[in-house]
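Trainee: Turn this into a model:
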Amino acid sequence: MQIIFNIFLNIPLTDFKGEVAALLAAGFWAVASVVYGRLGQRIPPLQLNLLKGIIAIALLTITIFVRREFFPILTIVPLCLLLLSGIIGIGLGDLAFLAAINSFGARRTLLMGTLAPPMTAIIAQIFLQEKLNVNAWCGILLTIVGVAWVVTERLPDSSDNSSTQLSRGIGFGLLAAIANAIGGVLSRAALANTSIPPLWASLFRLIAGVLILLPLVWLSWRRGRIILSELQSTRVILATFFAAFCGTYLGIWLQQTAIKYTPAGIALTLLQTSPLFIMPLAICIGEKVSFRAIAGAVIAIAGIALLFYLR
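Mentor: Numbers count the residues shown, from 1 in each chain. Down below sits the predicted model:
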C-alpha cells in the first residue's frame with residue numbers, strides 16, 4: 001500500500017493527496033463491484049457484508065501490526081463520530097447497496113450512488129461550515145451528470161425489472177446514498193482536526209459496521225435465513241476474499257485518506273466515479289463501449305478537472 005502512495009503522491013500531485021486517494025478507491029471499488037455482483041447471486045447481502053467486513057478487519061489489523069502504528073490518542077468525540085460513521089456508512093449503507101444490486105442491478109445502483117455527493121456537500125456546509133465555491137459546485141454537478149449518463153445507458157441484453165424489484169431497488173439505493181453521505185460527513189468531522197491515521201480510522205469504522213450487523217445475523221440465523229452451503233466452495237471463498245481486499249480493505253483505507261485531506265463534498269464526488277473505471281474492464285473482457293459511454297466519461301473527467309484545478 002505504501003508503494004502505491006510513493007508512486008502517486010511523491011510527485012507534483014502531492015497537493016492533491018486526497019483526490020488521488022479517492023480516485024484509487026473508486027478504481028478498486030469498480031473491480032470489487034464486478035465480483036460482488038456475481039457473489040450476490042449466491043450469498044445474501046447480510047452475510048456478504050459481514051464476511052467482507054471481517055476479512056477487511058483482519059487485513060487492517062495485520063497491516064497496522066506490520067507498520068507498527070501505535071494506538072492513536074483519541075478523545076471521546078472523534079471516536080464516537082468514527083464509530084457512528086461506520087455503523088451508518090458501512091454497516092447499514094453497504095447492506096443497502098448490496099441489496100439494491102440484487103434488486104435491480106449494479107448499473108442503476110451506481111446511478112443512485114451519484115446522489116451522495118450533493119447530499120454530502122450540503123450536509124458539510126450546514127454542519128462543518130465547509131465552503132465550496134462556484135467552480136467546485138460546477139465540477140460536482142458536471143461529474144454527477146457524466147457518471148449518471150454512463151450508468152443509465154440501457155444495455156442491449158438488459159431486461160426490465162418488475163415494479164416490485166424496481167421499487168425495492170430505488171428504496172435501497174436511496175438508503176445507501178443517504179448512509180454514504182452521512183457516513184462521509186461524520187468521518188470528515190472526526191478526521192479534519194485530529195491526527196487519527198487513516199488505517200486506524202478505517203479499522204474503527206469497520207469494527208462498528210460489523211458489530212451492528214451481528215444482531216441482524218443472529219435474527220436471520222434464528223429464522224433459518226443463513227446460507228452456509230455456498231461457503232464450502234473454494235471459488236466463492238477466494239472471490240469473497242479478493243473483493244474484500246480490493247473493495248473493503250484498500251477501498252475504505254483510501255476513502256478515509258481522501259476524506260481526511262479533501263472537503264467532504266469533493267471527496268465523495270470523486271469516490272463516486274467507479275462507473276468510469278468499469279469501462280476499461282468491459283473492454284478487456286470483450287464488451288463494446290458505446291459513444292455515449294465515452295462521452296459521459298469525458299464529461300465526468302471535465303468535472304474532475306474543475307475540482308482539481310479551479311476549486
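Trainee: now the helix or strand Gly171 falls within, how far from the centre of its chain.
Mentor: Of the helices and strands defined by DSSP states H and E, Gly171 is found in helix 163-191. A distance of 11 Å separates the centroid of the chain from that of helix 163-191, by CA atoms, centre = their mean, to the nearest Å.
Trainee: Show me what it is packed against.
Mentor: Taking 3 or more CB pairs under 8 Å, 6 or more residues apart in numbering; DSSP states H and E as the contact definition, the neighbouring helices and strands of helix 163-191 are helix 76-85, helix 93-113, helix 116-127, helix 198-222, helix 251-261, helix 264-271. Any C-beta I mention is one placed from the backbone N, CA and C, and that applies to glycine too.
Trainee: do you know which of those helices lies nearest Gly18?
Mentor: Distances from Gly18 to each of these were compared using CB to CB; the minimum, 3.2 Å, belongs to helix 251-261.
Trainee: On the pLDDT front, check the nearest residue to Ala181 once chain neighbours are set aside for me.
Mentor: With CB to CB, 6 or more residues apart in numbering as the measure, Met119 is the residue that lies nearest to Ala181, at 3.7 Å, once sequence neighbours are left out. For Met119, the model assigns a pLDDT of 79.
Trainee: so of the helices and strands packed on helix 163-191, which one's packed in deepest?
Mentor: Each of these was scored by mean neighbour count; the highest is helix 264-271, a mean of 29, by mean count of other CB atoms under 10 Å.
Trainee: Mind listing residues that contact that one?
Mentor: Helix 264-271 is touched from outside by 18-19, 22-23, 25-26, 29, 116-118, 120-121, 123-125, 128, 130, 132, 136, 139-140, 143-144, 180-181, 184-185, 187-188, 255, 258-259, 262, 303-304, 307, 311, with contacts defined as CB atoms under 8 Å, 6 or more residues apart in numbering.
Trainee: And stretch 186-198, by the same measure?
Mentor: Applying CB under 8 Å, 6+ apart, the set of residues contacting stretch 186-198 from outside is 69, 72-75, 77-79, 81-82, 84-85, 88-89, 124, 127-128, 130, 201, 205, 253, 256-257, 259-260, 263-264, 267.
Trainee: Then stretch 79-96?
Mentor: Outside stretch 79-96, the residues within contact range by CB under 8 Å, 6+ apart are 45-46, 49, 52-53, 172-173, 175-176, 179-180, 182-184, 186-187, 189-191, 196, 201, 204-213, 252.
Trainee: CA atoms of stretch 104-122 as CSV?
Mentor: Included here for stretch 104-122 are C-alpha records, laid out as CSV according to Å, rounded to 0.1, in the frame of the first residue of the first chain:
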residue,chain,number,x,y,z
PHE,A,104,-32.3,-4.0,-9.8
GLY,A,105,-28.7,-4.4,-10.8
ALA,A,106,-25.4,-2.7,-10.4
ARG,A,107,-26.0,-0.1,-13.2
ARG,A,108,-29.0,1.5,-11.6
THR,A,109,-27.5,1.1,-8.1
LEU,A,110,-24.4,3.1,-9.2
LEU,A,111,-26.7,5.7,-10.6
MET,A,112,-28.4,6.1,-7.2
GLY,A,113,-24.9,6.4,-5.6
THR,A,114,-24.3,9.6,-7.5
LEU,A,115,-26.9,11.3,-5.2
ALA,A,116,-24.4,11.0,-2.3
PRO,A,117,-22.0,13.9,-3.3
PRO,A,118,-24.6,16.7,-3.4
MET,A,119,-26.1,15.4,-0.2
THR,A,120,-22.6,15.3,1.4
ALA,A,121,-21.8,18.8,0.3
ILE,A,122,-25.0,20.3,1.6
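Trainee: hang on, the earlier thing: the inter-axis angle of the helix holding Gly171 versus helix 251-261?
Mentor: Here helix 163-191 points in a direction 50 degrees away from that of helix 251-261 (axes from the mean of the first three to the mean of the last three CA atoms, to 10 degrees).
Trainee: May I see the buried residues of helix 163-191?
Mentor: The neighbour-count criterion (16 or more other CB atoms under 10 Å) identifies 168-170, 172-173, 175-191 as the buried residues of helix 163-191.
Trainee: What angle do helix 76-85 and it make with each other?
Mentor: Calculated by the same axes, to 10 degrees, helix 163-191 forms an angle of 160 degrees with helix 76-85.
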